[in-house]
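Colleague: Need a 3D model of the sequence below.
(chains A and B)
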Amino acid sequence: MLEGGLRMMLRIRGFEDRLLREFAKGDMPGFVHTYHGAEPVAAGVCAHLTDDDIITSTHRGHGHCIAKGCDLAAMVAELYGRETGLCRGRGGSMHIADFGKGVLGANAIVGGGISLAVGAALAARVLGDGRVAVSFFGDGASNQGIFHESLNLASIWRLPVVFVCENNGWAESTPAAYATSVADVAVRAQAYNMAGVVVDGSDYLDVLTQAGHAIDRARRGEGPTLLEAKITRMRGHYVGDPEQYRSREQRRTARSLDPVARLVDATDLDVEACKAGIEAELDEAYDAARAAPWPDPAEVERYVLSEDRPHRELPVAVPATAQGGSFVQAVHDALAEAMRADPRVIVLGEDIAGGAGLGAPLEGAMGGTFGVTKGLIEEFGSERVRDTPISEAGFVGAAVGAAMAGLRPVVDIMWASFVPYCFDQVFNQAAKMRYMFGGQAAVPVVLRMAVGAGLRAGGQHSDTLQQIFTSIPGLKVLAPATPATAKGLLLRAVSDDDPVVFLEHMSLYRTRGPLPEGHYELPIGRAAIKRRGGDVSLIAAGAGVLLAIRAAERLAAEHQVSAEVVDLRTLSPLDMDTVGASVRRTGRAVVIDESPPRCSVASELAAAISEAVFDRLRAPVARITAANSPVPFSPPLEDAYLPSVDGVVDAVLTMSQGPEAERTGSDP
Amino acid sequence: MTHEVIMPKTGMYEGSVTLTEWLVSDGGEVVAGDPLFVMESDKVEMEIEAEFSGRVHQEAEPGLEAPVGTRIGAIVEKP
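Modeller: Numbers count the residues shown, from 1 in each chain, chains lettered A, B, ... in the order given. The predicted structure follows:
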């Protein structure tokens, strides 16, 4: 037992010692952090895990990967940024992942992996597959909010997860004694009603024993544990760290507190033979990595999104049925259809059932702020329809982790204005995972949220945030305008393998329209012509489409102007084929976008239209956006903030009198 | 056993570095963890510690500017 542990620790140490020497030579890109001094933790914890069990790791994660069984040569190739690396060179030292070994990735956001592990444990729980999730993180991460939200969530749901805090006493150069309110991070477990255990992280047997208890508890369904391993950071924060924050004597002492040497003395293993074997493996690994091909620069955008796949879809035009329904009904029906079709689909968010744990009829009586999810808990139960605490970072992170571990979660974030609270989980986690891990990760999560102003909801309940979402590679962004498109697009979003942001404009919830029954999907990235016209293209999404239609009706009735209305449906990726074809026909474009004007969907479309069809434009592209302000409360101010029919009509009339009037016979 | 002494890459800096000063004389003894030489990268001076104990052989003069990874000496461990 000890010998197996020592073998693993020597393997980790051998890898890191060699890394120190090779990194110094200067041909390895970037920077690296080594695991010196923490070897018993990775070795002792992972000894209890199978390839199916899941871990999340950190920037100091080589030891975790090795203990979980990652191939050393593929790791070294990743450190060199080569195509043969575990993540095809897209991740590097701080983002090594190996999904085949249950390594859901190293995270350079120090607490980033904690909520992902909670999500993986949620997946294990819902799928009932017996997996356990372990999150490794440092003492510094225990001062991030995500740590606290995640522990609370894991505790109330009694998830099979073990939180392993590797406390090396330093957050980069800031001592834990200064930055952490408690001497033992493990006591923080008490606040979350879970077991908190301190182990000597330099003692392999102690780690092995206590980790075994924690992992067994998790497997038996007895909930999470916070396991704090006290370790010594034998080296600097990163390789080459001059460590000005410790004296030479402190550095020397740190390097002498060597847990590997300690175990060597306690066993009969032929250490020299073991080391020689590892060195030989590393000789080959370094030779191979240095000779390996770089990724092809032409593939810089590969792995941002999943490859296109065929899907069940209706033609772009949705057939009207006799039956009509509301936008709320459409979103509800899509969720119910998706959950019936696929047991991996779960929904979670604040108040989505309402009255969680109170039992019928109180539980589920609310069904979300807008009643969208009403009735789902009765049909699908509380395992798959989960009320959450007000912990947006925690539950969005958990949904992302669950998606990476086999579920297809649909998250209700309630209002888009709350997304900044969980922006790391959206931006650094959901959007980047597929890419950073070289295509290994699928992140099939849908983030639903109410957007938009006009309901006198004030500055922190009224944003669309679409200018932010659409600027992020790795996210798909949908903004339906009608019940039929909401249902078809949401069903497509749930079956999509990429993270999808699904924007539901509050002014649309009570609108009604044709609503086809059954399971159908509409394509992502395809716009539709809502109304034909020859003089100008009005381009919009979501509630903007209804505004565009009203403007088109008035232009026709009062000004004899024939306006075409393009319903984008998808804001990212944009369907420039349909937009370009429309503007080519009409020669004029007005883009309607309910977000502030800077770096917005409107500015992107104006630029893209100018690039694509400049020779056909008879007037500059006009942008009708929200004001460049937060959303105001006072009704006259909020009305002035929003795009308006008057604004669109005026823009069209102005551009119709522009330079085009002076041209003669030059119409294409 | 002989170990190369190189001017190491430290952190993210990948350019040239300058050997500023040897802190152990040529032929002198050094203990692992003791400062061995000073180098300057990107206007930052940095003491580099010996990774091994043994006799120091200097192979470069202070003032040498060279890419990180350049060999500047050796440490010969006692058998």
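
Colleague: switch to C-alpha atoms for all contacts and neighbour counts from now on
Modeller: Will do.

Colleague: hmm, who's touching the helix-or-strand element of chain B with minimal mean pLDDT?
Modeller: When each helix and strand of chain B is scored by mean pLDDT, DSSP states H and E, strand B:44-49 comes last, with a mean of 89. With contact meaning CA atoms under 8 Å, 6 or more residues apart in numbering or on different chains, strand B:44-49 is reached by A:P242, B:A32, B:G33, B:D34, B:P35, B:L36, B:F37, B:V38, B:M39, B:E40.

Colleague: count of residues packed around the fourth one?
Modeller: The criterion is other CA atoms under 10 Å in any protein chain shown. On that basis, B:D34 has 18 neighbouring residues.

Colleague: List only those of the contacts of strand B:44-49 flagged as buried.
Modeller: Using 16 or more other CA atoms under 10 Å in any protein chain shown as the burial test, the contacts of strand B:44-49 include A:P242, B:G33, B:D34, B:P35, B:L36, B:F37, B:V38, B:M39, B:E40 as buried.

Colleague: Flag every residue of chain B that's near chain A.
Modeller: For chain B, the residues found near chain A under the criterion CA under 8 Å from any CA of the partner chain are B:6-12, B:14, B:33, B:46-47, B:67-70.

Colleague: From the chain's centroid, how far away is the least confident helix or strand of chain B?
Modeller: On the basis of CA atoms, centre = their mean, to the nearest Å, strand B:44-49 sits 9 Å off its chain's mean C-alpha point.

Colleague: Send me it as CSV with only the CA atoms.
Modeller: Listed in CSV are the C-alpha atoms of strand B:44-49, where the atom choice follows Å, rounded to 0.1, in the frame of the first residue of the first chain:
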residue,chain,number,x,y,z
VAL,B,44,14.9,43.2,-13.1
GLU,B,45,17.9,41.8,-11.2
MET,B,46,17.5,38.3,-9.8
GLU,B,47,19.6,36.0,-7.7
ILE,B,48,19.7,32.5,-9.0
GLU,B,49,20.3,29.7,-6.5
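
Colleague: Strands of chain B, start to end?
Modeller: B:2-6, B:16-22, B:29-30, B:35-41, B:44-49, B:54-58, B:65-67, B:71-76 (DSSP state E).

Colleague: so who does residue 57 touch?
Modeller: Picked chain A for this. Taking CA under 8 Å, 6+ apart, one finds A:H64, A:C65, A:V103, A:L104, A:G105, A:A106, A:N107, A:G113, A:S135, A:F136, A:F137 in contact with A:S57.

Colleague: my bad, chain B
Modeller: B:D26, B:G27, B:G28, B:G73, B:A74, B:I75, B:V76.

Colleague: Could you list everything the last one pairs with in the sheet?
Modeller: When assigned by DSSP bridges, B:V76 has beta-bridge partners B:T2, B:R55.

Colleague: So it sits against B:G27, correct?
Modeller: No. With contact defined as CA atoms under 8 Å, B:V76 does not count as touching B:G27 (9.7 Å).

Colleague: More neighbours: which of these two?
Modeller: B:V76 (19 against 13).

Colleague: Can you pull the residues that touch both of B:V76 and B:G27?
Modeller: Taking CA under 8 Å, 6+ apart as the criterion, B:V76 and B:G27 both touch B:R55, B:V56, B:H57.

Colleague: Rebuild those as CSV, extending it with pLDDT.
Modeller: What follows is the shared contacts of B:V76 and B:G27, written out as CSV (pLDDT from 0 to 100):
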residue, pLDDT
B:R55, 97
B:V56, 97
B:H57, 96
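
Colleague: Save these as JSON lines, and put in distance to A:V198 too.
Modeller: Converted to JSON lines, the shared contacts of B:V76 and B:G27 look like this (distance: CA to CA, whole Å):
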{"residue": "B:R55", "distance to A:V198": "44"}
{"residue": "B:V56", "distance to A:V198": "44"}
{"residue": "B:H57", "distance to A:V198": "47"}
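
Colleague: give me the residue from the stretch 451-600 of chain A nearest chain B.
Modeller: Using CA to the nearest CA, the closest approach of the stretch 451-600 of chain A to chain B is made by A:P473 at 25.6 Å.
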